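K.L.:
need a structure here:
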Amino acid sequence: MTVTVDLAGPEGHTSFFVRLLPTRANWPADLTPDELAALQVHAERLREAAAQGRCVLAGPVLDGSLGVAVWDGMSLDELLAELGQDPMVEKRFFDAVVSAMRLSFERTR
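P.N.:
Numbering: from 1, shown residues only. Sure thing, here's the model as predicted:
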């Protein structure tokens with residue numbers, strides 16, 4: 001698995017932007033059965049994290065060139081552990097790049 005911390009932020013920081021980068025060309029046009037199974041678990045884990053309030057938003061850009069996620073309320077170590085358990089990262093289908101961010105505004109409904 002490849003997880004890179006681009007910007008850790010100050011001690012105790014709890015808001016992060018994560019880029020998920022496919023590790024091969026033609027993603028997602030020709031998904032393998034193993035990739036599809038891992039992607040389904042990945043999506044369910046993100047749904048659960050969003051329901052718990054840890055993942056603020058997540059999704060792919062429309063051309064499939066990357067996925068993005070904003071996480072809040074967890075330490076960098078907790079986020080790295082979460083990413084390490086994501087089957088898309090664990091199986092090296094995605095590389096993850098983590099950057100600390102300031103969550104300045106959030107939409108309310």
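K.L.:
Can you check the pLDDT for the nearest residue to Ser15 once chain neighbours are set aside?
P.N.:
Of all residues not flanking Ser15 in the chain, Leu103 sits nearest, at 4.4 Å (Cβ to Cβ, 6 or more residues apart in numbering). Using the backbone N, CA and C atoms, a C-beta is placed for each residue, glycine as well. Leu103 carries a pLDDT value of 86.
K.L.:
Quick check: Leu103 touching Val56?
P.N.:
Yes: between Leu103 and Val56 there is a contact under Cβ atoms under 8 Å: 7.1 Å.
K.L.:
In terms of neighbours, single out the busier of the two.
P.N.:
Val56 (18 against 14; other Cβ atoms under 10 Å).
K.L.:
ok so the more buried one is a strand residue?
P.N.:
Yes: looking at Val56 with DSSP: H, G, I helix; E, B strand; the rest coil, it is inside a strand.
K.L.:
Tell me who's in contact with it.
P.N.:
50, 70-72, 103, 106 (Cβ atoms under 8 Å, 6 or more residues apart in numbering).
K.L.:
Selecting buried members of those in PyMOL, what would you type?
P.N.:
To isolate the buried ones among the contacts of Val56 in PyMOL, judged by 16 or more other Cβ atoms under 10 Å, type:
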select buried, resi 71+72
